[in-house]
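**Student:** here are the coordinates; sequence isn't available:
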Ligand code: G3I
């Protein structure tokens, strides 16, 4: 056995044998069990214990935190096209990370969510390339201007393009293969991610190669393919910035149009990458308007940025992240974070018949994509912050769902 693996497993065993806990008196999954599922994004280190972004001891503690506090998991990266299907064809899949993720969830009795099937980002260029001739470069991000380093790519693919039929065929093969592999195990999928255009402009949909090559029905087609592959899976449309009225209006237009065409969209995924300026009133309004669409609401990527420079933006693009987490934290950051989380959860609890699941985008601050903004309930050492107590207190004020 690889010595690193051995050390990690040993550290995990010792910590668990010693009954290690986060020091939290209670667990989120227990306190919220009659309201909604409470989940977290997990990374490959957590589900395999074998990658060392963290020390073995830290990784063991991260894993203990996930098991102690959460009853649902989403993959932070491992089911994205770039990772699970980096090369063309049936031989081009790499299921190592995804299988480990799904097995981790099942062996810990967690509700497993798949993220994400169709996205403008983290999609390899071969997907959009015409078969003849092959693309000249291997860039990976289809939209952001040269800032996404994921998979070593730079910028949007601009070689010869696939035809509409060719791209639909690739989309169908990908969705059928991935969804069928985890049929009955992954209960809910983010089928299309972040397709709506930002801002109050007239464009409903973001410009992307999916849109340019297939046309706006790429969304309906993706849902149709996913439904064919697993008719029992809950299929979500997932986006960020839905606390913003203009973007929410576009969401309503999109969802109503899909519903009018009988597209199998079963839930709204609201990412909720917000900041400490977020209030109960704003979240309440957002949920009230989304609930009118008649679909369950899943809060899919919750975090609350405490960085001073991150109090105006609502974007979720990794390329803008450095700018949104600079300048240190806001004053009284722990207190403001606790107040913001209290208001946000008060709104979730008020709408608990619609809100069925709340996923944090990371288990603790050290594992967050916005680590500098310290946006989660647990610090980098997995100790509960005042925001954790605030969230627990809100749960105790509110009766269970349906009571
Ligand atoms: O794994 C590679 C590593 O091998 C390499 O050496 C290193 C150097 O850059 O990069 C590592 O990959 C990083 C990857 O996360 C895993 O840590 C990528 O650079 C980085 O771009 C990637 O960021 C992810 C981002 O999506 C990509 O767009 C974040 O972890 C992930 O939290 C974030 O999640 C998104 C949701 O999927 C959709 N909604 C917004 C949300 C936040 O951006």
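**Tutor:** Thanks, I have it. Since we're looking at a predicted model, the values are computed, not measured.

**Student:** Who are the contact partners of residue 297?
**Tutor:** By CB atoms under 8 Å, 6 or more residues apart in numbering, the residues touching residue 297 are 267, 268, 270, 287, 290, 291, 351, 354, 355, 356. Backbone N, C-alpha and C define where each C-beta goes, glycine included.

**Student:** Look up phi and psi at it.
**Tutor:** Backbone torsions of residue 297, given as degrees, to the nearest 10, read phi -110, psi 130.

**Student:** Bridged to it, which residues?
**Tutor:** Per DSSP bridges, the residues bridged to residue 297 are residue 268, residue 355.

**Student:** wait, is residue 192 part of a helix?
**Tutor:** No - under DSSP: H, G, I helix; E, B strand; the rest coil, residue 192 falls outside any helix and is assigned strand.

**Student:** hang on, it packs against residue 222?
**Tutor:** Yes - with contacts counted by CB atoms under 8 Å, residue 192 reaches residue 222, the gap being 5.2 Å.

**Student:** shared neighbours of the two, anything?
**Tutor:** 117, 118.

**Student:** lowest-confidence helix or strand of the chain?
**Tutor:** When each helix and strand of the chain is scored by mean pLDDT, DSSP states H and E, helix 3-17 comes last, with a mean of 48.

**Student:** how about the residues of the stretch 151-300 of the chain that lie near the ligand?
**Tutor:** The stretch 151-300 of the chain comes close to the ligand at residues 240, 271, as judged by CB under 6 Å from any ligand atom.

**Student:** Which parts of the stretch 151-300 of the chain are helices?
**Tutor:** 164-181, 209-214, 218-229, 245-260, 280-291 (DSSP state H, counting those that start in this stretch).

**Student:** Stretch 361-380 near the ligand anywhere?
**Tutor:** Yes - with CB under 6 Å from any ligand atom as the criterion, the ligand is reached by stretch 361-380 at residue 369.

**Student:** ok, the residue lying closest to residue 364 once chain neighbours are set aside to the ligand distance?
**Tutor:** Spatially, and ignoring its direct neighbours in sequence, residue 364 is nearest to residue 378 (3.9 Å; CB to CB, 6 or more residues apart in numbering). Computed as CB to the nearest ligand atom, to the nearest Å, the residue 378 to the ligand distance reads 16 Å.

**Student:** residues touching residue 378, list them.
**Tutor:** Going by CB under 8 Å, 6+ apart, the list of residues near residue 378 reads 22, 24, 65, 69, 363, 364, 365, 384, 385, 388.

**Student:** Inside helices: which ones of those?
**Tutor:** 65, 69, 388 (DSSP state H).

**Student:** pLDDT averaged over stretch 357-373 - what is it?
**Tutor:** Averaging pLDDT along stretch 357-373 gives 97.

**Student:** buried sites along that stretch?
**Tutor:** 357-373 (16 or more other CB atoms under 10 Å).

**Student:** what distance separates the start and the end of that stretch?
**Tutor:** Stretch 357-373 has an end-to-end distance of 24 Å (criterion: CA to CA, to the nearest Å).

**Student:** need the residues of the stretch 301-403 of the chain near the ligand, please.
**Tutor:** 301, 316, 318, 369.

**Student:** which residues sit in contact with the residue nearest the centre of the chain?
**Tutor:** Among the residues of the chain, the one closest to the centroid is residue 301, at 4.6 Å (CA atoms, centre = their mean). Contacts for residue 301 (CB under 8 Å, 6+ apart) come out as 41, 74, 240, 271, 272, 273, 316, 359, 361.

**Student:** Point out where the stretch 251-400 of the chain drops to low pLDDT.
**Tutor:** Applying pLDDT under 70 to the stretch 251-400 of the chain flags residues 314.

**Student:** Any of the contacts of residue 297 buried? List them.
**Tutor:** Using 16+ other CB under 10 Å, the buried ones in the contacts of residue 297 are 267, 268, 270, 287, 290, 291, 351, 354, 355, 356.
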